[in-house]
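Enquirer: build me a model from this:
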Amino acid sequence: MLVESLTIIIVLSVLNEIITEIIKTAFPILKRYVMVIAIVCGVVLCIQARVGLLAVLGVTLHSPAMDYILTGVIISRGSNVIHDLIAQLEPRKST
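Expert: Have a look, this model is predicted:
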């Protein structure tokens with residue numbers, strides 16, 4: 001379940017990058033607002049998909065919407081950030 005949920009978050013992050021690039025290309029005048037566009041798209045994707053990173057990690061918030069918003073902001077930073085975050089959350093192997 002955890003791996004599936006994290007995979008969904010990665011897919012949403014990649015999808016968010018694609019949508020942001022399409023908007024940036026279609027409307028060059030909006031280039032200066034790329035970060036805002038990415039955040040809005042990320043939050044909308046997470047709310048619509050009802051995906052929250054904190055819930056995946058077992059943290060329950062009073063309002064699930066807050067989890068969706070926070071996850072949307074995180075995925076707005078891109079799939080590389082999500083990959084790095086997941087790598088930090090994985091248990092360390094002792095050598």
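Enquirer: going forward, measure contacts and count neighbours with C-alpha atoms only.
Expert: Fine.
Enquirer: could you measure from V81 over to Q88?
Expert: The spacing between V81 and Q88, counted by CA to CA, to the nearest Å, is 11 Å.
Enquirer: so for the two, which residue has more residues nearby?
Expert: Set side by side, V81 and Q88 show more neighbours around V81, with 15 against 10, by other CA atoms under 10 Å.
Enquirer: how about the contacts made by the more buried one?
Expert: Neighbouring residues of V81 by CA atoms under 8 Å, 6 or more residues apart in numbering: 74-75.
Enquirer: check which helix or strand it maps to.
Expert: Assigned by DSSP states H and E, V81 belongs to helix 79-89.
Enquirer: and for T71, the neighbour number?
Expert: So T71, with other CA under 10 Å, has 24 neighbours.
Enquirer: same thing with V40?
Expert: 17.
Enquirer: now swap in I23 and tell me
Expert: Here the number of neighbours of I23 (other CA under 10 Å) works out to 15.
Enquirer: quick one: secondary structure of it?
Expert: helix (DSSP: H, G, I helix; E, B strand; the rest coil).
Enquirer: ok, it to C41 distance?
Expert: From I23 over to C41 (counting by CA to CA), the distance is 10 Å.
Enquirer: from the centroid of the protein, which residue is nearest?
Expert: I75 (2.0 Å; CA atoms, centre = their mean).
Enquirer: hmm, it is touching D84, no?
Expert: No: assessed by CA atoms under 8 Å, I75 is found out of contact with D84, at 11.7 Å.
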